[in-house]
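**Q** next one to model:
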Amino acid sequence: MLDQLPNVRMAGENNGQLRIGFDAINNLNEPYEMNIESSEEVVGAWKHEPIAKQSLSCALQQMFELINPPAPEKMARKGFDDSETIIGFKTVRFHDELMFLEGEDDLIPAAKYLMESFPCARFVINIRGDVESQITSWYKNFGIELDGDEVRFYNKKLQEVASIMGQDRARLIDMVDWSQKDNSGLPVLNDLIEWLGFRDCKFESLLHSNKDGYKVDRTKMSLGQNCHYPSR
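**A** Down below sits the predicted model:
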């Protein structure tokens with residue numbers, strides 16, 4: 001539903017690109033001669049000037065921008081300008097890709113990597129507190145039998161990641177709270193989009209991105225005539 005917000009373009013899954021980016025950065029950090037933190041010029045076969053840490057963040061951000069392009073017909077328009085678009089993406093493989101980089105109890109590397117790589121971003125961490133419903137949903141849609149204790153374990157770890165990131169960078173929401181069929185959970189989403197920085201915006205109903213499997217929900221959405229993201 002976030003891609004219904006003005007000037008927002010959200011991408012779907014990315015086949016674990018976050019982990020690939022993490023490994024690429026670590027590949028440069030591992031040998032002393034390529035140390036990104038080094039402030040000294042490296043000579044010999046490894047010769048190069050000091051690598052600015054933020055330059056690697058720019059490269060990763062550009063990768064995610066490139067795999068989330070505008071529609072071709074939009075880019076073909078005369079005077080097309082995409083500079084004000086807010087770009088986002090989702091991932092459901094976070095626990096496989098990054099969560100346990102240094103072991104089960106150390107979630108700081110994953111949180112630090114995300115915050116440093118996307119310094120202007122905010123992170124929405126969505127869990128499903130109704131474990132039994134999640135087990136049923138996965139089996140119905142994918143034929144996969146989840147273990148309840150495993151689901152609760154990952155939910156707990158995602159809560160810890162949100163805590164590490166802090167309230168200014170991450171917002172934890174529970175699908176049980178906002179996905180009610182009677183729309184009674186919409187205040188959760190409306191509070192979320194205000195936290196993201198949007199003003200005078202309000203969801204009046206739910207939109208199902210994967211309706212009846214992976215079908216597109218054609219429901220017309222309106223967030224209010226004055227819904228906007230403040231100019232910088």
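**Q** for Arg171, give me phi and psi.
**A** Arg171 adopts backbone torsions of phi -130, psi 120, taken as degrees, to the nearest 10.
**Q** before we move on, what about the one 5 residues further on?
**A** When quoted as degrees, to the nearest 10, the phi and psi of Val176 stand at phi -60, psi -30.
**Q** now do it against Asn155, distance only.
**A** For Val176, the distance to Asn155 under the criterion CB to CB, to the nearest Å works out to 11 Å. Backbone N, C-alpha and C define where each C-beta goes, glycine included.
**Q** neighbour count for these two, which is higher?
**A** Asn155 (19 against 16; other CB atoms under 10 Å).
**Q** what about the residue nearest to that one when sequence neighbours are not counted, how many neighbours?
**A** Ranked by CB to CB, 6 or more residues apart in numbering and with sequence neighbours excluded, the top spatial neighbour of Asn155 is Ile127, at 4.6 Å. Close neighbours of Ile127, defined as other CB under 10 Å, add up to 21.
**Q** ditto for Leu60
**A** Other residues within reach of Leu60, judged by other CB under 10 Å, total 20.
**Q** could you list the buried residues of the helix or strand hosting it?
**A** Counting by DSSP states H and E, the secondary-structure element that holds Leu60 is helix 53-66. For helix 53-66, the neighbour count (16 or more other CB atoms under 10 Å) marks Leu56, Ser57, Leu60, Gln61, Phe64 as buried.
**Q** most widely separated two among those residues?
**A** The largest distance within the buried residues of helix 53-66, taken as CB to CB, falls between Leu56 and Phe64 and amounts to 13.3 Å.
**Q** distance from the chain centre to the longest helix that the chain contains, please.
**A** Counting by DSSP state H, the longest helix found in the chain is helix 148-165. Helix 148-165 sits 16 Å away from the centroid of its parent chain (CA atoms, centre = their mean, to the nearest Å).
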